[in-house]
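[1] below are the sequence and a predicted model; questions follow.
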Amino acid sequence: MSMRNPLLPALLAGALLAGCGADDPAAPATPAVAADATDTIKIVDFVYDPDPATVRAGQAISIPNADAAPHTITDAESGNAFDSGTIKGRATGSLTIDEPGSYRYICEFHPFMKGQITVTK
Ligand SMILES: [Cu+2]
């Protein structure tokens, strides 16, 4: 019996190639919903940041308003699913959304201010 197996190098090479090939599919996109979630939406120069935003249901969102003007974060569709109420200039508001979903919102005072928020469980 010979130790030399003419197929062995080919088998090893095949195993190595298979191992390499398996690396790419083995690196799936991490479900980063939780990591992307924020608890703060800033308002600076009449712009919401981040936009779009992802938050967790029931999580209090802090809304620091850096402008002199008052702003709100108000549900753009029904107008009453959520509403931060008036956040005075240089003040910080707060908002909690309990119902998971994807929402568009506006500023009640400046309807040209638009944002999107995704609420995850
Ligand atoms: Cu505003």
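    In hand now; what should we look at?

[2] how long is stretch 86-102 end to end?
    End-to-end distance of stretch 86-102 (C-alpha to C-alpha, to the nearest Å): 22 Å.

[3] what is T40 paired to in the beta sheet?
    Beta bridges link T40 to S62, judged by DSSP bridges.

[4] does it touch A60 like I think?
    No - counting by C-beta atoms under 8 Å, A60 is not a contact partner of T40; they are 10.0 Å apart. All C-beta atoms are positioned from the backbone trio N, CA, C, and that covers glycine.

[5] just for the chain, where's the confidence low?
    By pLDDT under 70, the weakly predicted segments of the chain are 1-35, 79.

[6] ranges for the helices of it?
    Remark: helices assigned in the chain by DSSP state H are 8-23, 33-36.

[7] what sits against D98?
    57-58 (C-beta atoms under 8 Å, 6 or more residues apart in numbering).

[8] give me phi/psi at it?
    phi -90, psi -20 (degrees, to the nearest 10).

[9] any figure for the gap between it and the ion?
    As for D98, its distance to the ion is 24 Å (criterion: C-beta to the ion, to the nearest Å).

[10] what's the answer for T96, then?
    20 Å.

[11] what's around the spatially closest residue to that residue that is not a sequence neighbour, how many residues?
    Counting by C-beta to C-beta, 6 or more residues apart in numbering, A60 is the residue found nearest to T96 once chain neighbours are left out, at 5.1 Å. When neighbours are counted by other C-beta atoms under 10 Å, A60 registers 13.

[12] and the protein, which residues reach the ion?
    71, 107, 109-110 (C-beta under 5 Å from the ion).

[13] with distance to P50 and neighbour count as new columns, can these be given to me in JSON lines?
    Shown next, in JSON lines, are the residues of the chain next to the ion (distance: C-beta to C-beta, whole Å; neighbours: other C-beta atoms under 10 Å):
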{"residue": "H71", "distance to P50": "16", "neighbour count": "25"}
{"residue": "C107", "distance to P50": "16", "neighbour count": "22"}
{"residue": "F109", "distance to P50": "21", "neighbour count": "14"}
{"residue": "H110", "distance to P50": "19", "neighbour count": "14"}
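
[14] take the residues you listed and keep only those in strands.
    Among these, none falls in strands (DSSP state E).
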